[in-house]
Structures are given as structure tokens and as C-alpha cells.
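In: only the shape, not the letters, is given here:
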């Protein structure tokens, strides 16, 4: 247990990035009204930026019906998943992405995304999640970003903030979680949380509410997640996606105050204290479970 925590500290020292100057391509406050999945309008750049992007709905209805794409709506000043299944958007330069089914835009390989997210749960503690994805397949509306076929596979990664407070990194071409944080002791799923995702070369950093996150992954515990090129499906597409572990039963995830910038390291942010180990009482320690390893909570009592 002590070795794992020390390893996290050591890795934090040796994996800091060299900062590069960031440029702000676009931003959006989502203050528009009457916006439906195929007509969400263009980014207002209220937080900076010069290029105006539109949004293409990315998931097929019921998982198979690409002719009826599922995206999001804008209501109450936020981008919202109006359904009870997967939803979300891909950044596009098309003025009518559903009519033309033009593929999403190539935003390049290295970028930073900042967005405020709300991921609700319910009395049954059902899990919802939301977050940005990047380096993915340039998808026409309703064609999806997970899996795909051998001739036109998906690619890239999706950073998911769960309503439990855990953060996961999903590799999209194989639909496998490659890294995840521990679940915090206290997480308020009723309010918005600011998620920052910064990807440069083969490395990913994630911050939540200003704290740099520690991830468990096959290589060990670190503040940096390894995100190698996923091959043919890596076409530089990016967007915001919503999901749930209880399909058909819960939705309502929201995104607000979106900023998409050039790459900027998050290494200067303070690291969030490792929530995997905490003291429950004077003689009881709890090692939290982790979705990457499949481990359940381990309670250690010292008598």
C-alpha cells in the first residue's frame, strides 16, 4: 500500500510537461434558446476564440438507427442530454450537419478542453457520466464514436466524469476503460464541476475543480495517462458525450462554459490528495475500489 502511494509521488515529479503557448479556437456559453439536436447553432465565443463551430449529434437512436441521430439540446443555458441513453455532439464546421451528414471537424492531436459538467444520479444511485472526447473518428451525424468496423473504425479517448465522482478514460476503438481515479469520499452530483482535459503527444492530464487527478492504469498510479495513437480511427475529431450505466432509466447530464484551446500543460495545478486511502476511524483504514482493476473496497482494521 505504501509503495503504491510513494510511486504516485515519484511519477508526479518526473512526468511534468513543458508548457506551450495555448491558442483559443472557440468557446460557448450555450445561452441560445430553441436549439434542437440538429440545429444547436454555432459557438458564441463568449469566453474567447475566433472560429465558430457547430455541433453534430453523434449517436444513433437505440444504438442502430443512424437516420434518427441522438445528440443534445440547449435549454436553460446549458447543453443537455434530453434522453435516457447515450447522447452528445461532435464539433463540426457544417452549417447543417444532419442534412448534409458532413463528417465532424479535425481539431488536431494536441488540445485542452475546459467544461463545466453536471452528472446527476437518483434515489437508486444510478450512474450517469459526461465529458470530452478527442482524437476520434470524424463521424457523420448519428454514426457513433465507439467501436466501428475495420474499414472505418473509431479511435481516440473519452474522459468521463461519473456521478460517483470517479473519472474514467475510455479508449473508443476497443471500448475499454484504460485508467480511472478512485471514488472520492464526498461528491455532490447536484452541482456543476469544472473538468479540464489536456492532451499532448502520448500523455493526458485531467483536473477536476482545479485539482490534478491521479489515475490507476496498467502501468501503475500516476498523474499522467498514456494515450498512444489509436491508428486509423484517429482523425482529430472531438466533442462532448453523455452516457449512463442504466440505459433507458436516467439522463439529464449537462455541459456549460465550454472552452477548446491549443495544448497547455496542467502540471502547475495542485495534485488532488489520493482519495484511494483514507482513515474511517481511529483504527480503520479503507482502500477504495477501482473500476479499472475491478477491485472492491478493502477495509483494514488494526486491533
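Out: Now that the structure is in, tell me what you want to look at. Remember, predicted model here, so these are calculated numbers, not experimental data. Numbers count the residues shown, from 1 in each chain.
In: pretty sure residue 97 contacts residue 55?
Out: Yes. Using C-beta atoms under 8 Å, residue 97 is in contact with residue 55, at 7.4 Å. The way it works is simple: take the backbone N, C-alpha and C, and place the C-beta from them, glycine included.
In: residue 60 should be in a strand, yeah?
Out: Yes. Judged by DSSP: H, G, I helix; E, B strand; the rest coil, residue 60 forms part of a strand.
In: burial count for it?
Out: 18 (other C-beta atoms under 10 Å).
In: that older thread, can you work out which residues contact both of residue 97 and residue 55?
Out: Overlap of the contact sets of residue 97 and residue 55 (by C-beta atoms under 8 Å, 6 or more residues apart in numbering) is empty.
In: next, the distance between the ends of stretch 242-252.
Out: Length of stretch 242-252, first residue to last, C-alpha to C-alpha, to the nearest Å: 9 Å.
In: so which bits of that stretch are buried?
Out: Within stretch 242-252, the residues scored as buried using 16 or more other C-beta atoms under 10 Å are 242-244, 246, 250-252.
In: got it, and stretch 151-164?
Out: By 16+ other C-beta under 10 Å, the buried positions in stretch 151-164 come out as 153-164.
In: roughly how far apart are residue 251 and residue 88?
Out: Plainly put, residue 251 is 11 Å away from residue 88 if you go by C-beta to C-beta, to the nearest Å.
In: and for those two, which residues touch both?
Out: 81, 242.
In: wait, residue 86 sits on residue 243?
Out: Yes. Taking contacts as C-beta under 8 Å, residue 86 lies within contact range of residue 243: 5.1 Å.
In: could the buried residues of stretch 242-252 go into JSON lines alongside distance to residue 170?
Out: Output for those, formatted as JSON lines (distance: C-beta to C-beta, whole Å):
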{"residue": "242", "distance to residue 170": "13"}
{"residue": "243", "distance to residue 170": "9"}
{"residue": "244", "distance to residue 170": "14"}
{"residue": "246", "distance to residue 170": "17"}
{"residue": "250", "distance to residue 170": "19"}
{"residue": "251", "distance to residue 170": "18"}
{"residue": "252", "distance to residue 170": "20"}
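In: show me what the one helix or strand residue 221 maps to pairs with in its sheet, parallel or antiparallel.
Out: Element membership of residue 221, judged by DSSP states H and E, is strand 220-222. Looking at strand 220-222 with DSSP bridges, its partner strands are strand 215-217 (antiparallel).
In: wasn't residue 98 part of a helix?
Out: Yes. Assigned with three-state DSSP, residue 98 falls within a helix.
In: quick check, pLDDT for residue 212.
Out: Predicted confidence (pLDDT) for residue 212: 98.
In: does it touch residue 271 like I think?
Out: Yes. Counting by C-beta under 8 Å, residue 212 touches residue 271, with 4.7 Å between them.
In: more crowded one of these two?
Out: residue 212 (20 against 15).
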